[in-house]
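Enquirer: Quick one: sequence and predicted model below, then my questions.
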Amino acid sequence: MAIMKSIAYLDKDYDYFIKANLEEYQGKYIAIHEGRIQISGTSLREVYEFMKKKYPDIIPFITQVQSGQAMVL
């Protein structure tokens, strides 16, 4: 139960990702938390390290924005 409570924010972050216009971030990595983009960059390591420093107690929602229509499996 504690795990489910601690990652409940991921649903909100995923919903933001699905609905957001991310054209300006094509080809970049983004981290979403609290319903907004916290950081973007060309390096996955840079984005991950920023998120772990700023939010050490969360599992960050990080993805690379692709050009064209995304396919979520």
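Expert: Here it is on my side, so go on. Numbers count the residues shown, from 1 in each chain.
Enquirer: all strands of this structure, in order?
Expert: 29-33, 36-41, 61-64 (DSSP state E).
Enquirer: any idea which of the ones you listed is most buried?
Expert: strand 29-33 (a mean of 21; mean count of other Cβ atoms under 10 Å). The way it works is simple: take the backbone N, C-alpha and C, and place the C-beta from them, glycine included.
Enquirer: Output the contacting helices and strands for it.
Expert: helix 9-19, strand 36-41, helix 44-54, strand 61-64 (3 or more Cβ pairs under 8 Å, 6 or more residues apart in numbering; DSSP states H and E).
Enquirer: can you redo those as a markdown table with mean pLDDT and distance to residue 25?
Expert: What follows is those, written out as a markdown table (pLDDT from 0 to 100; distance: least, Cβ to Cβ, whole Å):
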| stretch | mean pLDDT | distance to residue 25 |
| --- | --- | --- |
| helix 9-19 | 90 | 11 |
| strand 36-41 | 97 | 5 |
| helix 44-54 | 98 | 11 |
| strand 61-64 | 96 | 9 |
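Enquirer: Let's have the strands of the chain in a markdown table, adding distance to residue 17.
Expert: Below are the strands of the chain laid out as a markdown table (distance: least, Cβ to Cβ, whole Å):
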| stretch | distance to residue 17 |
| --- | --- |
| strand 29-33 | 6 |
| strand 36-41 | 9 |
| strand 61-64 | 7 |
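Enquirer: which residues touch residue 40?
Expert: The neighbours of residue 40, taking Cβ atoms under 8 Å, 6 or more residues apart in numbering as the test, are 25, 28-31, 47.
Enquirer: Write down the beta-bridge partners of the nearest residue to residue 43 once chain neighbours are set aside, one by one.
Expert: Counting by Cβ to Cβ, 6 or more residues apart in numbering, residue 43 lies nearest to residue 29, which is 7.0 Å off, once chain neighbours are set aside. In this entry, residue 29 is beta-bridged to residue 41, residue 64, by DSSP bridges.
Enquirer: Now do the contacts for the nearest residue to residue 22 once chain neighbours are set aside.
Expert: Nearest residue to residue 22, sequence neighbours excluded (Cβ to Cβ, 6+ apart): residue 65, at 4.8 Å. Residue 65 sits next to 22, 25-30 when contact means Cβ under 8 Å, 6+ apart.
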